[in-house]
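coordinates only, sequence not included:
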């Protein structure tokens, strides 16, 4: 694939090879993912989109190492992933901040586990707070923080340990429409500044088109890669431009499953 | 003791190690400090507990019945420090007060008691049924119980007790036994009345509110009931003159290991009796009685005292004791006679040697 | 907010006064000498505070005796059940080992253990504390176990992706997450323990100090004013214990989102 605006193929960050996942219950076998393969490029913003319940969360959990596939492999930077590690950051759909820690302490969590000295950690935390624009909220507890802010802090917490791949599972799903647009911009800003590779999940087409370099469309169960849509529009993208609408329509068509 | 402290320490450190795994902690120093603090703190508590236990655990485990005027010589001995004078670690702080004689026997059987004042009936009953490992080392009193009914209740003789509700401190204890004898004397048995168990402290109120028709208790609870309209239906001395009542019992292991102490305990008891018969001590005697029973009226104490005969030398009452044994085993199918006979039983059950302490 | 708090206090006081009034009326009917009037109770309370009992013990002595038994029994229950609950929550195998025993022993009321305690611990402080130990044991254990089992999977997953090892997860996620349950168990355990000690003292077999003992002993000799005082003190102290733990809870768990608002 050609990278628009460049001459070199960027290295592959993440290889998803033939991931199949089945769940066995007492009565039947549920095929969730069916031989999904795709490559994620370094520093790319990749979105996986699909109808609700099509296994997107399962896929992302497998990438994170939180679940094992029935068959297939996940390879990150030439190493296979079998279990969760600090090489891959993960922000789940649900609010995941530790409620007994305030903002600062939440962000500090990964650093604490690594034994980073207090002074160095403080510096890092301040940078991240600045990046997500929540410096005044450093002593607040999650109970006093709005949903969008919580998700940003969750992202900052993941970023604190300098992994290079970040997985975001529908982070804005519970955010209301007004704030969502602003938060999308925030996420883009964070992505650009932190220079991470991001794999993003959503079921919202607008959101996918606005944010991504490429969009992977999954089919309903059992999920396979239905289509891959590259988006070369320059950012910040105009949500009402004809090109935007065109891409949106295209995706909508692909997602009209009979 | 050190063993317990070490166990405690190990306990905590093992738990913490298990929780944290053997992986190097991010802050090793912190972990060591925390472990040390917990270990020291818990060791401190353990030491404190052990210290307390030594404070509260007397070298002689001594029992008596709560508020029982039959045990007045014991109260006198405590007030006059006779035990301390004999070098015995017995004081009102470390005596255990039981609600009735059967509870005393339970404690003996659990190996938790060394010496106690209690009624002869539960002691003998437990010896016969369970071969409880105790021996009687001294008598304490004769008489001193009564059947109390309410004035105007229409109960004027023992026969009137037919089908009535009667409270006793415990089944097969002294008072229950007295009731049995009284009923048998008029051709009735405990089957003809309705007995229930109440602690002596609650009997008076139950009588007053007519929940029961009569009760049988030890003094001073009989005298005290006259305040609320209770009257003596029959004193135990009227039912059976000079029946043995309370005695001092000691566990076999205590007697084996501490014969001199047992001797001293009986000597203390005798000294108290000597003090009691001295009329110049009468006013003080009333005060001691009031202190240990919680009664505030002198006249009630006086009334109660009239009903009790303090006697330590039970051998002078051999016939009464024999009759005691006979009635106890005959009236109660659940209390078997001693397999080798009454005389052999007395040999084993009564230890006369301390009487000339 | 201050105004609302004052309102609450005022309402409580009015309720109390109302209750005392009703009490006075009922007692005044003189149905039985067993029911003292509020004034009699107050008088008995003051008299006893000044004079103490026949053996020189005053309220403080009785209260501390009961409290000591509770604290001792509770301490040992706590240090055993919290780790036990933790380990049971962390390992299904350990849980299955202890579960049957726990289910069998849990319904047995603490007093049923008295004969057992006698044989093992004799008469005295350790024996009494053992009954409290039994009373506090199960609430703390059950709540701790529940707390561990209810730890949010999301939190554990996220912790793993932040580089947490198994032991890190235990210390940094499961433990703080379980703390609220442990505190609830503590509060309940102490409450049960306090009730146990009073009731155990009522049954007897004790040295003549203790609030429960005082309740029984004073009733036995007709001093119902004193008996009621001791009962009220029992209630007050039980309330006090609960209140203190609640304060600790509120401080330690100030991060909690609650449903109740001002």
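Ah, there it is. All of these numbers come straight from a predicted model, not from anything done at the bench.

For the closest residue to chain C within the stretch 151-258 of chain A, report the pLDDT, please.
Closest residue of the stretch 151-258 of chain A to chain C, CB to the nearest CB: residue A:161 (6.2 Å). To be clear about C-beta, it is placed using only N, CA and C from the backbone, and glycine gets the same treatment. Listed pLDDT for residue A:161 reads 87.

residues contacting the nearest residue to it once chain neighbours are set aside?
Leaving aside its sequence neighbours, residue A:161 sits nearest to residue A:110 (CB to CB, 6 or more residues apart in numbering or on different chains; 3.8 Å). Applying CB atoms under 8 Å, 6 or more residues apart in numbering or on different chains, we find residue A:110 in contact with A:86, A:157-158, A:160-161, C:162-163.

Against residue B:347, how distant is the residue of the stretch 151-258 of chain A closest to chain C?
In this view, residue A:161 and residue B:347 are 87 Å apart by CB to CB, to the nearest Å.

In terms of neighbours, single out the busier of the two.
With neighbours defined as other CB atoms under 10 Å in any protein chain shown, residue A:161 and residue B:347 compare such that residue A:161 has more, 19 against 12.

in which helix or strand would I find the residue nearest to residue A:161?
helix A:103-114 (DSSP states H and E).

Next: residue B:216.
Per DSSP H and E: strand B:214-218 holds residue B:216.

Mind checking the pLDDT average for the helix or strand that that strand is followed by?
Next along the chain after strand B:214-218, taking DSSP H and E as the criterion, comes helix B:221-225. Regarding helix B:221-225, the rounded mean pLDDT is 92.

Name the next helix or strand following helix B:221-225 along the chain.
strand B:230-235.

is that next one up against chain C anywhere?
No: on the criterion CB under 8 Å from any CB of the partner chain, strand B:230-235 is out of touch with chain C, staying 12.8 Å away.

next one: the helix or strand following that strand to chain centre, how far?
As assigned by DSSP H and E, the chain's next helix or strand after strand B:230-235 is helix B:236-239. Relative to its chain's centre, helix B:236-239 lies at 22 Å (CA atoms, centre = their mean, to the nearest Å).

so what does the strand holding residue B:216 touch, helix or strand wise?
strand B:145-150, strand B:165-168, helix B:174-185, helix B:200-208 (3 or more CB pairs under 8 Å, 6 or more residues apart in numbering or on different chains; DSSP states H and E).

residues in contact with the longest one?
Outside of helix B:174-185, the residues that reach it under the criterion CB under 8 Å, 6+ apart are B:101, B:119-122, B:145, B:147, B:158, B:161, B:166, B:168-170, B:189-190, B:192-193, B:195, B:216-218, B:234, B:236, B:239-240, B:243, B:245-246, B:327-328, B:331-332.

Show me which helix runs longest in the chain.
By default, I'm working from chain A. helix A:177-194 (DSSP state H).

Hmm, no, I was thinking of chain C.
helix C:59-90.

heading toward the C-terminus, what's the first helix or strand past that one?
helix C:92-105.

hmm, that following helix touching chain B?
No: Helix C:92-105 lies out of reach of chain B by CB under 8 Å from any CB, never closer than 10.7 Å.

next helix or strand past that helix?
Helix C:92-105 is succeeded, C-terminally, by helix C:114-121 (DSSP H and E).

The helix or strand just after that following helix and chain B, are they touching?
Under the assignment DSSP H and E, the closest C-terminal helix or strand after helix C:114-121 is helix C:125-149. Yes: using CB under 8 Å from any CB, helix C:125-149 reaches chain B at C:125-127.

Would helix C:125-149 count as contacting chain A?
No: against chain A, helix C:125-149 shows no contacts by CB under 8 Å from any CB, the least distance being 12.6 Å.

Work out the gap between that helix and the centre of the chain.
With CA atoms, centre = their mean, you get 11 Å for helix C:125-149.

just checking, next helix/strand downstream of that helix?
Defined by DSSP H and E, the subsequent element after helix C:125-149 is helix C:153-161.

does the next helix-or-strand element following that next one come close to chain B?
Using DSSP H and E, the helix or strand that follows helix C:153-161 in sequence is helix C:166-169. Yes: counting by CB under 8 Å from any CB, chain B has neighbours in helix C:166-169: C:166-167.

Would you mark the buried spots in helix C:166-169?
C:167-169 (16 or more other CB atoms under 10 Å in any protein chain shown).

Could you do stretch A:187-200 as well?
If you call a residue buried by 16+ other CB under 10 Å, then stretch A:187-200 has these buried ones: A:187-188, A:190-191, A:194, A:196-200.

Now do it: distance from first to last residue.
11 Å (CA to CA, to the nearest Å).

mean confidence for that stretch?
Mean predicted confidence for stretch A:187-200 is 90.

Could you give the separation of that stretch from the chain centroid?
The answer for stretch A:187-200 is 9 Å, by CA atoms, centre = their mean.

on that earlier part again, can I get the buried residues of stretch A:187-200 in TSV with distance to chain C?
TSV is the format used below for the buried residues of stretch A:187-200 (distance: CB to the nearest CB, whole Å):
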residue	distance to chain C
A:187	18
A:188	22
A:190	17
A:191	18
A:194	16
A:196	14
A:197	15
A:198	15
A:199	13
A:200	16
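
contacting residues around stretch A:172-192?
Stretch A:172-192 has contacts (CB under 8 Å, 6+ apart) with A:45, A:93, A:95, A:131-133, A:147-148, A:151-152, A:155, A:159, A:168, A:171, A:198, A:202, A:204, A:207, A:210-211, A:235-236.

what about the chain, any weak spots by pLDDT?
You didn't say which chain, so I picked chain A. A:1-9, A:54, A:257-258 (pLDDT under 70).

looking at chain B here, not the other one
B:1-11, B:13-58, B:357.
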